[in-house]
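Chemist: Whatever this is, show me its structure:
(2 chains)
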Amino acid sequence: MCTEKQLLSGNEAVALAALHAGVALGVGYPGTPSTEILERLSQIGGKAQWAPNEKVAMEVGIGAAFAGARVLVTMKHVGVNVAADPLFTMAYTGVKGGMVFVSADDPGMVSSQNEQDNRRYAKASGVMMLEPADPQEAYEYTRLGMELCETWQLPVMLRMTTRVCHSKSIVVPAPPSEPVIAQRFDKDPHTYVMVPAFARPAHRRLREKLEKIKEWNESAAINRIVEGDASLGIVTSGVCYLHVREAAPEAKVLKLALTHPLPVEKIRAFAASVDRCLVVEENDPYLVESLRTAGIPCDGKREMYRFGELNVGRVQRIIADDASPEPAPARGKPPQLCQGCPHRTAFAVLKKFDCVAVGDIGCYTLSVLPPFETMDTCVCMGASISAGLGMRHVLPDDEARRIVSVIGDSTFMHSGLTGIADMVYNPPKTGHVVIILDNETTAMTGMQEHPGTGRALDHSRSGKVVIEDVARAMGLTNVVVTTTAAEFKKALAFALNTNELSLIIMRRVCRLAENKIKAYEAALETCNE
Amino acid sequence: MSNTNGNTTNIVLAGLGGQGVIRAADILAEAAFLAGVDVKQSELHGMSQRGGSVTSDVRFGSEVLSPMVPPGEADFLLVLHPTQTENNIHQLREGGVLINTTAIIGDGQDLAVLDQDATPLTSRNFNVGLLGLLSAHFSFPEDAWVKAIHAHLPEKLHQQNEQAFAFGKSLAGK
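Modeler: Numbers count the residues shown, from 1 in each chain, chains lettered A, B, ... in the order given. Presented below is the predicted three-dimensional model:
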């Protein structure tokens, strides 16, 4: 295993660290900016797999860590919403093996539907949180996270941001450690079975653990002070630390690494050692609120700097408390559906029918832009089916019949199945029409496999979930697979005029993925010979 | 070597999604790494892969801090698509160097003309040609560039990209 210094992205560094830490498994769901972590882990010889969604990924991770193995779980920030159910209770149970889960936040929403600040999740659930500033720290903190988790039996959230995930810098790896081999699951119902009688003491144990971890964190060397002119002291974490060092090279800086639970007394002493204590953080005032709750006087940023990511220029403005309007960002060319994209065919038809398209997350969301302008809502993964049903339930019949739910194949596997269950269970009286734009890949995040492709993360042969079979088995009465504009048009015209529960699959492979998929299948054919 | 912002050299690469902006930045950053300096590269991709505007920052020097070029402080702006100069020019500092497709196709918009002319540049490899032009401003050893090109392109493309790089470099000062 390579321990020479190398130029790596934050994501690549996490993958290398996971390999060097001896993880038995990496599991996640693709989502920018986290996707490359598991792809890289697989490429460098680790075992990595895509789960249908983040909740499943987190639960597979919990099981692996309950069994005593080290495990890496990856997702983008909104994926943690999906995984929040297991997250809050795994903080109570704790785990035996090292478990680090990556929350890849997206300040500025480069490719996301919101810019939620997942540092709130660490505090709300009670897991530990490490915030790397660059790929070197992404490497170190992944390995440290495994050790901290095993010491305290509490999972660690590695909170990255787009700039940490997708920036490259020089990484000097450490010697790999021996893999931890899980031998058996040690039964311990008081720890692992969260019925109320066992969960009540488990909650107390969690709070006691966090007190002890906070005590450890107060003197941990990972929270560093950079000496400087005491007229300005800056408390910061993550990539903001690098902007701060460049924006104010003379300032004294407290760079925090383990930001939940916070080393409050260390911060208090730092604040007392400087004339002005300023907190520099992206998005929410997580640190500012924590300091003020602890009675530590500090300045924070103005509300205008809550939006979008920070950079050296914006940090200079925060330091100067500059309230003047910021220059408008340059308008570049917006993204669009690729030339030859099969979604174009589907949306050209939908536009003619004057449907209300209750949409979802994927490349097809781009149809909101000209020339199509055929996407009417987009909230979260899977919402197309359920929100479409909601509209059908309350609108008058003639309006209800215009409602169609539009979802992609990977998004359907992620969160569409429960929507179909609701459709069968609570059918609107006008029926409903769900359209799955099946391009046979997870296109938006870079053409990853999913349970419907029949290939695993490394493109080897896997089991395959056949969408139309599942839909029929669940009770949809009108299930049609189409491949051309004419077929799609005919199927849609029929479905919109019945009271049936309809699923129209428009199956045409993504133009960008087409040649790759041919190559994967050709390689699999060769294997079989 | 340019040495304007402390001791850090700032380059912003700009173009459209699918054009190879990130690949060009990878080659530049790798060459700096192989030349033995500290280097950081930062990119934004995702939605921008679908034909939208894409930029990548590369910074090198004795110690690079932020991975992002501070606003308006690019020493070099390398623009890989004829339509993308105007919306990125604000990134270039006063006195900074603009390198764009004008160097190879004049004021034209159609990079396909490169496929008909007699130069080693084509619409597929001109990114590397423009890196060659940029390279004349730095003192990285030649083999750092060659290794960087090899590391980020498939083997069958090595020779033609090395030629494109050399041709681009020969345009410097013309």
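
Chemist: rest of the way, CA atoms for contacts and neighbours
Modeler: OK.

Chemist: A:Leu256 - nearest residue in space that isn't next to it in sequence?
Modeler: A:Asn223 (4.5 Å; C-alpha to C-alpha, 6 or more residues apart in numbering or on different chains).

Chemist: before we move on, what SS does A:Asp117 have?
Modeler: Look at A:Asp117: counting by DSSP: H, G, I helix; E, B strand; the rest coil, its state is coil.

Chemist: check which helix or strand covers B:Val146.
Modeler: helix B:142-152 (DSSP states H and E).

Chemist: That helix: which residues count as buried?
Modeler: Neighbour counts using 16 or more other C-alpha atoms under 10 Å in any protein chain shown place B:144-146, B:148-150 of helix B:142-152 among the buried residues.

Chemist: quick one: contacts of that helix?
Modeler: Residues from elsewhere that reach helix B:142-152 (C-alpha atoms under 8 Å, 6 or more residues apart in numbering or on different chains): B:23, B:26-28, B:30-32, B:34-35, B:158, B:161-162.

Chemist: how many neighbours does the residue nearest to B:Gln109 when sequence neighbours are not counted have?
Modeler: Counting by C-alpha to C-alpha, 6+ apart, B:Pro82 is the residue found nearest to B:Gln109 once chain neighbours are left out, at 5.4 Å. Residues lying near B:Pro82 (other C-alpha atoms under 10 Å in any protein chain shown) number 19.

Chemist: which ones are touching B:Pro82?
Modeler: Applying C-alpha under 8 Å, 6+ apart, the residues near B:Pro82 are B:100-102, B:108-110.

Chemist: sorry, back to before: quick one, phi psi at the residue nearest to A:Leu256?
Modeler: With angles defined as degrees, to the nearest 10, A:Asn223 shows backbone torsions of phi -90, psi 110.

Chemist: Any idea how many residues pack against it?
Modeler: If we define neighbours as other C-alpha under 10 Å, then A:Asn223 has 19 of them.

Chemist: quick one: it from chain B, how far?
Modeler: The span separating A:Asn223 from chain B equals 18 Å under the rule C-alpha to the nearest C-alpha, to the nearest Å.

Chemist: I figured that residue hits A:His260, correct?
Modeler: No - the pair A:Asn223 / A:His260 is not scored as a contact, 11.9 Å apart, by C-alpha atoms under 8 Å.

Chemist: Without its sequence neighbours, what residue ends up closest to the residue of the stretch 51-200 of chain A found nearest chain B?
Modeler: When you check the stretch 51-200 of chain A against chain B by C-alpha to the nearest C-alpha, the closest residue turns out to be A:Ser167, at 4.2 Å. With C-alpha to C-alpha, 6+ apart as the criterion, A:Ser167 has its nearest non-adjacent residue at 4.2 Å, and that residue is B:Ser42.

Chemist: Can you read off the pLDDT for the one you found?
Modeler: Among the per-residue scores, B:Ser42 shows a pLDDT of 95.

Chemist: A:Phe270: what secondary structure?
Modeler: When classified by three-state DSSP, A:Phe270 comes out as helix.

Chemist: next SSE after the longest strand seen in chain A?
Modeler: If you go by DSSP state E, chain A has its longest strand at strand A:229-237. Going down the chain from strand A:229-237, the next helix or strand is helix A:240-247, by DSSP H and E.

Chemist: other SSEs contacting that following helix?
Modeler: helix A:312-319 (3 or more C-alpha pairs under 8 Å, 6 or more residues apart in numbering or on different chains; DSSP states H and E).

Chemist: Please export the C-alpha coordinates of the helix or strand just after the helix it packs on as CSV.
Modeler: Downstream of helix A:312-319, the next assigned helix or strand under DSSP H and E is helix A:342-353. Taking C-alpha atoms only, helix A:342-353 is exported to CSV below (Å, rounded to 0.1, in the frame of the first residue of the first chain):
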residue,chain,number,x,y,z
PRO,A,342,-33.2,10.6,-23.8
HIS,A,343,-34.9,12.9,-21.2
ARG,A,344,-35.2,15.4,-24.0
THR,A,345,-37.5,13.1,-25.9
ALA,A,346,-39.7,12.5,-22.8
PHE,A,347,-40.0,16.2,-21.9
ALA,A,348,-40.8,17.2,-25.5
VAL,A,349,-43.8,14.9,-25.2
LEU,A,350,-44.8,16.1,-21.7
LYS,A,351,-44.7,19.7,-22.8
LYS,A,352,-47.3,18.9,-25.5
PHE,A,353,-49.6,17.4,-23.0
